[in-house]
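Undergrad: Sequence first, then the predicted structure:
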Amino acid sequence: MRILIYSYNYYPEPIGIAPLMTELAEGLVKRGHQVRVVTAMPNYPERRIYESYRGKLYFTEVKNGVQIQRSYVWIRPQPNLLDRVLLDASFVVTSFLPALMGWRPDVILSTSPSLPVCIPTALLGWLHNSPVVLNLQDILPEAAVNVGLLKNKLLIHLFAVLEKFAYRTATKISVIADGFIDNLLAKKVPASKIVQIPNWVDVNFIRPLPKENNAFRSAHNLNGKFVVLYSGNIALTQGLETVVEAASQLRHIPDIAFVIVGEATGLQRLEVECLKYGADNILLLPLQPREHLPEMLAAADVGLVVQKKNVVSFNMPSKIQVLLASGRALVASVPNNGTAARAIRQSGGGVVVPPEDPHALAKAILNLYQHPEKVKTLGYNSRQYALDQYTFEQALTQYESLFYSVTANQASLETFQSLAGIHTQQLPPL
């Protein structure tokens, strides 16, 4: 097949959707498909276009057999509401030309966020008579409204209209957790349109490694410590201030060390919090190169998953699969009724505590520090669950099967229309 992936984030961005879409695209190429990716100039998480890509309106490159078509976007390090609108709008406008100029795809995969991408992908699907698969990593505008990121009533209404348009124009909607299904069904999305394919992890790349002779531990004076690690995005949905407060409650135990790895702007904000609470047992580090990720994860005794109370229940951080694959115990400070809590409980690889409760988080970490055998058991369960549920090959086969099914259905429809002498396909109204 010829597969077009329309994704705002892609390699070399180190976290979020980018590694997932990169692995999916390259995996499809290895299975014999032609893949091109329409994406933005890389800028995440620093929110600055990477230096080697600056000053360009368009840039095309090939990596591991994938044709990557990049376009300029309006990006600001500390965006206000207008900047965020201009970011989405600029990608919609600038990305459409390279998307249109390439070969005709048999199927289009569109990722959300960004939600406005549904406009060019729907138009491309109509022009090329190609099925569109919408991959939901988050549900907007609900997620943004709940954490206070989106407050403008006009924009909320606009995004709600875009959401309905995206669901209507998509041939199929792939979701990453069961909580998404309940949400879509409540919005009258036909069950026949929805397919659940969990996010994955490369279990050969992310794997249990020994803590002894660990370069990350040695480089940061962590040998002999009980290491509690958070790595990833530092944004409104996480509430890492809870981790800082919990660490401050455990600073009387010198063997427990907290490590937070993230983007520079988030670390600057947390540094202020550390000074405020006297949490001198926290090490703040910049995001590590992806090739060092397995060793960094192996340096931890415990991996953290953190969310705020107001995070919508269907939110499923992709770091859960990564932590499970690393074979480490998890402590999750997340809403009790959410998708993340359910996944961690099912794995048997971690414990769940109430969100934004520093005392509960500190108590759970202390309990694991005092019971090393429990830490080993949880870590073993984590790895086994990742092998059973979240391998890349499983997900790749599911996406491949989904693409084959929608292209087969499209071919059947075209044959029927040809025989009947009708051409009824229209782009649904916005």
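TA: Yes, it's here. Everything quoted here is computed from the prediction, not taken from an experiment. Numbers count the residues shown, from 1 in each chain.
Undergrad: ok, residues contacting the helix or strand bottoming out on mean pLDDT in the chain?
TA: Ranked by mean pLDDT, DSSP states H and E, the helix or strand of the chain with the weakest confidence is helix 142-146, at a mean of 71. Contacts with helix 142-146, where a contact means Cβ atoms under 8 Å, 6 or more residues apart in numbering, come from 150-151, 156, 159, 183, 237, 310-312, 315. Where C-beta positions appear, they are placed from N, C-alpha and C, glycine not excepted.
Undergrad: quick one: contacts for Glu356?
TA: Counting by Cβ under 8 Å, 6+ apart, the residues that Glu356 touches are 239, 242, 308-309, 333.
Undergrad: Just the ones of the residues you listed in helices?
TA: Counting by DSSP state H, the part of the contacts of Glu356 found in helices is Thr242.
Undergrad: how close does Leu270 get to Glu46?
TA: To Glu46, Leu270 is 16 Å away according to Cβ to Cβ, to the nearest Å.
Undergrad: Looking at those two, which one has more neighbours?
TA: Legend: neighbour count by other Cβ atoms under 10 Å for Leu270 and Glu46, higher for Leu270 (20 against 16).
Undergrad: Asp280 belongs to a strand, doesn't it?
TA: No - counting by DSSP: H, G, I helix; E, B strand; the rest coil, one finds Asp280 to be coil, located in no strand.
Undergrad: Mind checking what secondary structure the residue lying closest to it once chain neighbours are set aside has?
TA: Sequence neighbours aside, Arg251 is the residue nearest to Asp280 in space, at 6.4 Å (criterion: Cβ to Cβ, 6 or more residues apart in numbering). Following three-state DSSP, we place Arg251 in the coil state.
Undergrad: can you give me the strands in this protein?
TA: Applying DSSP state E to the chain gives strands spanning 2-6, 34-40, 58-63, 66-71, 107-112, 132-136, 172-175, 194-196, 226-231, 256-262, 282-286, 302-306, 329-333, 350-353.
Undergrad: How far away from the center of its chain is the last one?
TA: Centre-to-centre, strand 350-353 and its host chain are 21 Å apart (Cα atoms, centre = their mean, to the nearest Å).
Undergrad: tell me what it is packed against?
TA: Strand 350-353 sits against strand 329-333, helix 339-347, helix 358-370, helix 372-389, with contacts defined as 3 or more Cβ pairs under 8 Å, 6 or more residues apart in numbering; DSSP states H and E.
Undergrad: If we use 10 Å, what do you get?
TA: Counting contacts by 3 or more Cβ pairs under 10 Å, 6 or more residues apart in numbering; DSSP states H and E, strand 350-353 packs against strand 302-306, helix 319-325, strand 329-333, helix 339-347, helix 358-370, helix 372-389.
Undergrad: Please apply the same query to the fourth one.
TA: If you count contacts as 3+ Cβ pairs under 10 Å, 6+ apart, strand 66-71 packs onto strand 2-6, helix 17-30, strand 34-40, strand 58-63, helix 81-101.
Undergrad: Please identify which of the ones you listed is closest to Ala408.
TA: strand 2-6 (14.5 Å; Cβ to Cβ).
Undergrad: CA atoms of that closest one as PDB?
TA: Provided in PDB are the C-alpha atoms of strand 2-6 (Å, rounded to 0.1, in the frame of the first residue of the first chain):
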ATOM      1  CA  ARG A   2       0.900   3.700  -0.300                       C
ATOM      2  CA  ILE A   3       0.300   5.100   3.200                       C
ATOM      3  CA  LEU A   4       0.300   8.800   4.000                       C
ATOM      4  CA  ILE A   5       0.700   9.700   7.700                       C
ATOM      5  CA  TYR A   6      -0.300  13.300   8.500                       C
END
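Undergrad: Against which helices or strands is that strand packed?
TA: For strand 2-6, the packing partners by 3+ Cβ pairs under 10 Å, 6+ apart come out as helix 17-30, strand 34-40, strand 66-71, helix 81-101, strand 107-112, helix 118-128, strand 132-136, helix 392-420.
Undergrad: Out of the ones you listed, flag the one nearest Pro198.
TA: Judged by Cβ to Cβ, the one of the helices and strands packed on strand 2-6 that comes nearest to Pro198 is helix 392-420, at 6.8 Å.
Undergrad: Tell me the spacing between Leu285 and Thr377.
TA: Per Cβ to Cβ, Leu285 is found 28 Å from Thr377.
Undergrad: domains in the protein, as residue ranges please.
TA: Domain assignment for the chain, taken from automatic domain parsing, gives 2-200+391-420, 215-389.
Undergrad: if you compare these, which one is most tucked away?
TA: domain 215-389 (a mean of 20; mean count of other Cβ atoms under 10 Å).
Undergrad: Against Gln321, how distant is the closest residue to Asp138 other than its chain neighbours?
TA: Leaving aside its sequence neighbours, Asp138 sits nearest to Pro113 (Cβ to Cβ, 6+ apart; 5.7 Å). Applying Cβ to Cβ, the value for Pro113 to Gln321 is 19 Å.
Undergrad: what does Lys164 give?
TA: Computed as Cβ to Cβ, the Lys164 to Gln321 distance reads 30 Å.
Undergrad: what's the closest of the helices and strands packed on strand 66-71 to Pro372?
TA: With Cβ to Cβ, the closest approach to Pro372 among the helices and strands packed on strand 66-71 belongs to helix 17-30: 31.3 Å.
Undergrad: what angle separates the closest one from strand 2-6?
TA: Interaxial angle of helix 17-30 relative to strand 2-6 (axes from the mean of the first three to the mean of the last three Cα atoms, to 10 degrees): 180 degrees.
Undergrad: hey, C-alpha coordinates of helix 17-30 in CSV?
TA: In CSV, the C-alpha atoms belonging to helix 17-30 read as follows (Å, rounded to 0.1, in the frame of the first residue of the first chain):
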residue,chain,number,x,y,z
ILE,A,17,3.5,11.2,19.5
ALA,A,18,6.7,11.7,17.5
PRO,A,19,8.4,8.4,18.5
LEU,A,20,5.2,6.5,18.0
MET,A,21,4.5,7.8,14.5
THR,A,22,8.2,7.3,13.6
GLU,A,23,8.2,3.7,14.7
LEU,A,24,4.9,3.1,12.9
ALA,A,25,6.0,4.6,9.6
GLU,A,26,9.4,2.8,9.6
GLY,A,27,7.7,-0.5,10.6
LEU,A,28,5.3,-0.2,7.7
VAL,A,29,8.2,0.4,5.3
LYS,A,30,9.9,-2.8,6.6
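Undergrad: and it, what does it pack onto?
TA: Here helix 17-30 touches strand 2-6, strand 34-40, strand 58-63, strand 66-71, strand 107-112, strand 132-136, helix 392-420, going by 3+ Cβ pairs under 10 Å, 6+ apart.
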